[in-house]
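1. Provided below for reference: sequence and predicted model.
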Amino acid sequence: MDKKKKKYTPRRPGRYKSPARRKKAYSLIVNTADFGFDPDQPVKLAQRLQRRLRRSGWECHTDTVEHWKEFEKAIAQAIRNKPFAIIVFGGDGSVRFAAARISRAKGLLGIVPTGLHNNIFLSLFGHTDAEEALNIIRAGYQTRIDAGLANGAFFLGSLTAGLVPHMINRQGTKKLPRLAMTWAQMAGKAADATVPRTMTLKMDNHTVEAQPIILNIHLLSHVLTLPFAPAAAPDDGRVVMVYDENCARDKITGFIRALKKDKYQYLDKIKMIRGHRLSISPAEGHTWMMDSEEVEFSGKEIVIEALHRVLRVFTNAPRKK
């Protein structure tokens, strides 16, 4: 005897939006606590992007925050809402903070550069044109890039000690100089303020004893808008170290001047090496900056490693052959 077939009854729609519908949304977060020289620019850019996305049928939710604690809450709430992408309007500090949490949630990050230096965006795209950043997000192409851990602390662009932190502190919130000569003068004063200390630098199986004035660890190429590590690739799973063993201070000014002109060739005085894992000891007695923000490290050693392609970001459209 044949069993009676159960009558099919369609499921009643629930009260919550389906995953497909949730993915038709963007979350735009404007951090006005981390902006460059025009406080109104981030808000105007967010409004412009929101209009373009809505015309294309996307839902948008925009948060404008004035304090870092509010920014932290906005990022956490956006991740819980599971949008198609989270777009951050801010500088390197905002991007690094958001990226650390978005990478764990396996989300998609969009960057609109509205900070002082925007080194992360500059390294990825070769410019800091905020209007072009909106076009990149609107086009929708994605890629995966590396991130780094320094004793468990997440970073995207660079970790620096010695010369660069002194240059950043001297510059403050003022606009960066345009002339190479002015850059060299600023570097000379920063070099005079840098106290070299003996350090052990171990990149994979290569160990160096040095007293560096410059010590930069890069995942991306630019710091202070200068291309310190042109060999740094955003997705090769390696860190790049730029350092000098015992460099004369007068060589530092020439190095920075040549960097500004994009003409420096890494030779004997200032070196650049690449690897997968780096350890630095001792860590004490130095001012460290991670993505241009001051950080402190406990313990005698800093261990740095690259996390291969852990963050999804928007990217330029592929070139037609």
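-> Arrived safely, thanks for sending. The structure presented is a predicted model; accordingly, all values stated were derived computationally and were not measured. Numbering: from 1, shown residues only.
2. ok, now how distant is the closest residue to residue 229 other than its chain neighbours from residue 187?
-> Using C-beta to C-beta, 6 or more residues apart in numbering and skipping the chain neighbours, the partner closest in space to residue 229 is residue 218 (3.8 Å). (C-beta placed from N, C-alpha, C; glycine too.) As judged by C-beta to C-beta, to the nearest Å, residue 218 and residue 187 stand 18 Å apart.
3. Then residue 101?
-> From residue 101 to residue 187 the distance is 35 Å (C-beta to C-beta).
4. And those two? Which one has more around it.
-> Using other C-beta atoms under 10 Å as the criterion, residue 101 and residue 187 rank with residue 187 on top: 28 against 17.
5. Surely the more buried one is in contact with residue 163?
-> Yes: using C-beta atoms under 8 Å, residue 187 is in contact with residue 163, at 6.8 Å.
6. Find residues that contact each of the two.
-> Taking C-beta atoms under 8 Å, 6 or more residues apart in numbering as the criterion, residue 187 and residue 163 both touch residue 252.
7. Kindly indicate whether residue 294 is helix, strand or coil.
-> Recorded secondary structure, residue 294: strand (DSSP: H, G, I helix; E, B strand; the rest coil).
8. mean confidence score for stretch 303-321?
-> The pLDDT scores in stretch 303-321 average 89.
9. I'd assumed residue 215 was in contact with residue 245.
-> No: here residue 245 lies out of contact with residue 215, judged by C-beta under 8 Å, at a distance of 10.9 Å.
10. more crowded one of these two?
-> The neighbour comparison of residue 245 against residue 215 (other C-beta under 10 Å) goes to residue 215, with 24 against 15.
11. Identify each buried residue in the host helix or strand of that one, please.
-> Secondary structure from DSSP states H and E places residue 215 in strand 214-218. Buried positions in strand 214-218, judged by neighbour count with 16 or more other C-beta atoms under 10 Å: 214-218.
12. so which of the residues you listed comes closest to residue 49?
-> residue 218 (29.6 Å; C-beta to C-beta).
13. which residues does that closest one contact?
-> 157-158, 228-229, 232, 239-242.
14. Pairing partners for it in the sheet, please.
-> As for beta bridges, residue 218 partners with residue 158, residue 240 under DSSP bridges.
15. how close does it sit to residue 108?
-> The separation that residue 218 has from residue 108, given C-beta to C-beta, amounts to 24 Å.
16. same question, residue 283
-> 34 Å.
17. Thought residue 244 was touching residue 269, still the case?
-> Yes: judged on C-beta under 8 Å, residue 269 makes contact with residue 244 at a distance of 6.1 Å.
18. which neighbours do those two share?
-> Joint contacts of residue 269 and residue 244 (C-beta under 8 Å, 6+ apart) are residue 251.
19. Which one of those two is surrounded by more residues?
-> When neighbours are counted by other C-beta under 10 Å, residue 269 and residue 244 differ, and residue 244 comes out ahead with 22 against 15.
20. Which strand residues bridge the more buried one?
-> residue 270.
21. now residue 180, nearest residue through space, not along the chain?
-> residue 260 (4.1 Å).
22. swap in residue 78?
-> residue 27 (4.0 Å).
23. My read is that the one you found contacts residue 59, right?
-> No: using C-beta under 8 Å, residue 27 is not in contact with residue 59; the gap is 9.7 Å.
24. ok, those two, which is more surrounded?
-> residue 27 (24 against 17).
25. Name the residues of the helix or strand containing that one that are buried.
-> Following DSSP H and E, one finds residue 27 within strand 25-31. If you call a residue buried by 16+ other C-beta under 10 Å, then strand 25-31 has these buried ones: 25-31.
26. And stretch 172-191, by the same measure?
-> Those would be 183-184, 186-188, 190-191, for stretch 172-191 by 16+ other C-beta under 10 Å.
27. Make JSON lines out of those residues and add distance to residue 175.
-> Shown next, in JSON lines, are the buried residues of stretch 172-191 (distance: C-beta to C-beta, whole Å):
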{"residue": "183", "distance to residue 175": "13"}
{"residue": "184", "distance to residue 175": "17"}
{"residue": "186", "distance to residue 175": "12"}
{"residue": "187", "distance to residue 175": "17"}
{"residue": "188", "distance to residue 175": "20"}
{"residue": "190", "distance to residue 175": "17"}
{"residue": "191", "distance to residue 175": "22"}
